[in-house]
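Novice: Sequence first, then the predicted structure:
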Amino acid sequence: MSEPASTSEPRFGTLVIAGVGLIGGSIAAAARQRQLAERIVGIGRTESRLAGAVKAGLIDEGSTSVAAAADANFAVVCTPVDRICDDVRALAEVLSPDALITDAGSTKQIVCEDLADLCGADGPAFIGSHPLAGSQLQGFEHSDATLFQDRICVVTPTDATQPNNTRRVEQFWRDLGAVVVQRTPGEHDQVLARTSHLPHLVAAALAGSLQPADLELAASGFRDTTRIAAGDPGLWAPILTQNARSVQDALGELQGRLREFADSLQHDDPSALQKLLEEAKRQRDGLG
């Protein structure tokens with residue numbers, strides 16, 4: 001279990017969170033609970049939503065201008081993946097040279113390539129991150145200070161990243177309770193294609209194939225299997241697009257496995273079918 005940060009002295013003077021939704025709000029809640037920052041500033045697009053996050057006690061100040069981030073020591077970009085690069089660059093324009101910027105996006109290769117000039121900078125420097133936590137729920141109203149507790153967070157430094165900056169970003173996530181692992185941006189995207197992006201695509205395809213007449217008999221099994229298809233399409237379309245190659249590779253592997261199931265049924269081979277089901281059960285049971 002990760003150890004929480006010491007409450008004797010905040011690690012940051014000002015912590016900035018760009019995008020105060022479920023993930024950004026949960027980062028704010030966890031940082032508040034663990035007293036990581038003297039001040040938490042939220043950057044967003046909608047004043048009323050930011051005001052709501054202030055009223056909820058998640059952030060101390062909300063602003064639609066990145067200028068409010070000027071005195072921050074650390075910034076986390078929690079916006080949709082197709083906005084991350086622009087938002088990181090906007091923050092880099094106003095932050096001090098010793099500040100660090102990370103993100104919480106589900107794709108890393110394109111982001112780290114587009115921000116390569118900042119990955120090796122003295123500061124403000126960017127290092128990619130992805131906490132493997134969340135839900136189909138949206139908005140800061142669902143923020144949870146324990147969302148990252150004992151959950152994996154992948155940090156993706158590049159060859160140009162300064163080791164001390166990597167350590168600082170990793171410590172930030174540990175302070176929120178996460179278990180940190182390192183991967184290259186490409187490795188991250190290949191694995192997440194199989195473990196996150198493909199499952200969402202499959203759940204969406206399955207949910208979309210349901211006939212209206214089937215609804216009455218769609219019980220818990222169908223609901224559990226398609227739960228993640230309830231995620232925001234506006235967030236998921238850019239994720240699948242940015243990681244299209246790895247998702248296509250994973251989809252090809254799945255199609256091969258589905259053909260094995262189809263063949264066992266076509267050839268009336270219950271032994272082959274059971275073998276496939278037993279292998280799937282072993283894999284699923286291994287998740288714990």
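Specialist: Okay, I see it.

Novice: Let me know the pLDDT of residue 97.
Specialist: Per-residue confidence at residue 97 stands at 92 (pLDDT).

Novice: Report the secondary structure state of it.
Specialist: Secondary structure for residue 97, judged by DSSP: H, G, I helix; E, B strand; the rest coil, is coil.

Novice: Can you name the residues that contact it?
Specialist: Contacts for residue 97 were tallied using C-beta atoms under 8 Å, 6 or more residues apart in numbering; they are 122-124. Glycine gets a C-beta too; all of them are placed from N, C-alpha and C.

Novice: out of the residues you listed, who has the most neighbours?
Specialist: Top of these by neighbour number is residue 124, holding 24 neighbours under the definition other C-beta atoms under 10 Å.

Novice: wait, what's in contact with that one?
Specialist: If a contact means C-beta under 8 Å, 6+ apart, then residue 124 has 75, 91-92, 95-101, 118 as its contacts.

Novice: Using JSON lines, please lay out those residues together with distance to residue 180.
Specialist: Supplementary listing: the contacts of residue 124 in JSON lines, determined by distance: C-beta to C-beta, whole Å:
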{"residue": "75", "distance to residue 180": "18"}
{"residue": "91", "distance to residue 180": "22"}
{"residue": "92", "distance to residue 180": "23"}
{"residue": "95", "distance to residue 180": "23"}
{"residue": "96", "distance to residue 180": "25"}
{"residue": "97", "distance to residue 180": "25"}
{"residue": "98", "distance to residue 180": "22"}
{"residue": "99", "distance to residue 180": "20"}
{"residue": "100", "distance to residue 180": "15"}
{"residue": "101", "distance to residue 180": "17"}
{"residue": "118", "distance to residue 180": "21"}
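
Novice: are any of those residues buried, and which?
Specialist: Burial of the contacts of residue 124 was assessed by neighbour count (16 or more other C-beta atoms under 10 Å); the buried members are 75, 91-92, 95, 99-101, 118.

Novice: could you dump those residues to CSV with distance to residue 61?
Specialist: Putting the buried ones among the contacts of residue 124 into CSV (distance: C-beta to C-beta, whole Å) gives the following:
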residue, distance to residue 61
75, 14
91, 15
92, 20
95, 16
99, 17
100, 20
101, 18
118, 25
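
Novice: taking the residues you listed one by one, which sit in helices?
Specialist: Helix and strand membership here follows DSSP state H; of the buried ones among the contacts of residue 124, those in helices are 91-92, 118.

Novice: Just the closest of those residues to residue 85, please.
Specialist: Nearest to residue 85 among those is residue 118, at 9.5 Å by C-beta to C-beta.

Novice: Looking at strand pairing, list the partners for the nearest residue to the closest one once chain neighbours are set aside.
Specialist: Leaving out its chain neighbours, the residue that sits closest to residue 118 by C-beta to C-beta, 6 or more residues apart in numbering is residue 126, at 4.1 Å. Applying DSSP bridges to residue 126 gives these bridge partners: residue 101.

Novice: In the stretch 101-250 of the chain, where is pLDDT below threshold?
Specialist: By pLDDT under 70, the stretch 101-250 of the chain contains no weakly predicted segment.
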